[in-house]
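Asks: any chance you could fold what I've pasted below:
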Amino acid sequence: MGVSGAGKSTIGGMLAKVLNARFLDADDYHPQSNKDKMKAGIPLSDEDRIPWLETLRDALTVSLVNGETVILGCSALQKHYREILRCADPNYVPDSFTCAVKFVLLSVAADVLAARLEKRAAEGNHFMPSKLLQSQLDSLQIDESEGILKVDASLDPQETLKTVQALVVPFLSEHKLLS
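Replies: Have a look, this model is predicted:
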């Protein structure tokens with residue numbers, strides 16, 4: 001999880017590959033209307049995000065029920081967004097933060113994020129303009145009680161991957177989610 005440019009797709013895809021897991025990129029689940037809004041520089045509202053998050057939750061539920069290990073790259077910026085995703089676990093008790101869905105925050109300094117977004121925009125590789133970065137940073141809410149793992153993702157992707165892998169493998173093993 002994290003703001004745009006944090007490395008969710010890159011690190012998530014790499015992690016899924018080394019864990020022999022399925023990777024879901026939340027960006028692929030945005031309806032065109034959300035992409036158009038962001039491309040125009042308009043931040044998404046809860047009315048835009050909630051149906052998208054519910055679709056992601058449903059995709060996660062299918063994987064969990066089928067015993068698959070799945071890595072989701074998703075912004076999940078606010079606690080109530082993460083609660084929607086946690087509900088993918090059929091055994092989840094709301095607000096308990098204990099379930100088969102675990103969050104890893106890819107933390108990156110704002111100037112590094114801005115440079116990454118500008119590079120991506122120049123390459124035509126993403127619909128999210130750098131001018132929306134501040135709105136995402138302002139929206140990011142982390143509650144320590146949620147037990148979110150935090151990783152410095154400003155490092156080389158291989159180093160970031162090693163750190164994330166070291167944090168999530170024990171969790172996956174404990175929950176019998178490794179293939």
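Asks: report how many residues lie close to the residue lying closest to Ala21 once chain neighbours are set aside.
Replies: Of all residues not flanking Ala21 in the chain, Thr69 sits nearest, at 3.9 Å (Cβ to Cβ, 6 or more residues apart in numbering). No exception for glycine: its C-beta is placed from N, CA and C like everyone else's. Neighbours of Thr69 under the rule other Cβ atoms under 10 Å: 20.
Asks: repeat for Ser9
Replies: 16.
Asks: could you list every helix and strand that the helix or strand in which it is found packs against?
Replies: Applying DSSP states H and E as the criterion places Ser9 in helix 8-19. With contacts defined as 3 or more Cβ pairs under 8 Å, 6 or more residues apart in numbering; DSSP states H and E, helix 8-19 has these neighbours: strand 22-25, strand 70-73, helix 157-174.
Asks: columns mean pLDDT, distance to Ser139 and mean neighbour count on top of the ones you listed, output as a markdown table?
Replies: Below are the helices and strands packed on helix 8-19 laid out as a markdown table (pLDDT from 0 to 100; distance: least, Cβ to Cβ, whole Å; neighbours: other Cβ atoms under 10 Å):
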| stretch | mean pLDDT | distance to Ser139 | mean neighbour count |
| --- | --- | --- | --- |
| strand 22-25 | 96 | 20 | 16 |
| strand 70-73 | 96 | 17 | 23 |
| helix 157-174 | 93 | 22 | 15 |
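Asks: relative to Phe97, which of those is closest?
Replies: helix 157-174 (12.7 Å; Cβ to Cβ).
Asks: and the closest one, what does it pack against?
Replies: If you count contacts as 3+ Cβ pairs under 8 Å, 6+ apart, helix 157-174 packs onto helix 8-19, strand 104-107, strand 149-152.
Asks: most tightly packed of these?
Replies: Of all the helices and strands packed on helix 157-174, strand 104-107 carries the top mean neighbour count, a mean of 20, counting by mean count of other Cβ atoms under 10 Å.
Asks: mind listing what's buried in the host helix or strand of Asp36?
Replies: Element membership for Asp36 (DSSP H and E) is helix 32-39. Buried residues in helix 32-39, counted by 16 or more other Cβ atoms under 10 Å: Asn34, Lys37, Met38.
Asks: I figured the last one hits Asp48, correct?
Replies: No: Met38 sits out of contact with Asp48 when judged by Cβ atoms under 8 Å, with a separation of 9.1 Å.
Asks: okay, how far is it across stretch 101-109, tip to tip?
Replies: One end of stretch 101-109 sits 26 Å from the other (Cα to Cα, to the nearest Å).
Asks: off-centre distance for that stretch?
Replies: Averaging C-alpha positions (Cα atoms, centre = their mean, to the nearest Å) puts stretch 101-109 7 Å from its chain's average.
Asks: name the SS class of Leu177, please.
Replies: coil (DSSP: H, G, I helix; E, B strand; the rest coil).
Asks: all set, thanks.
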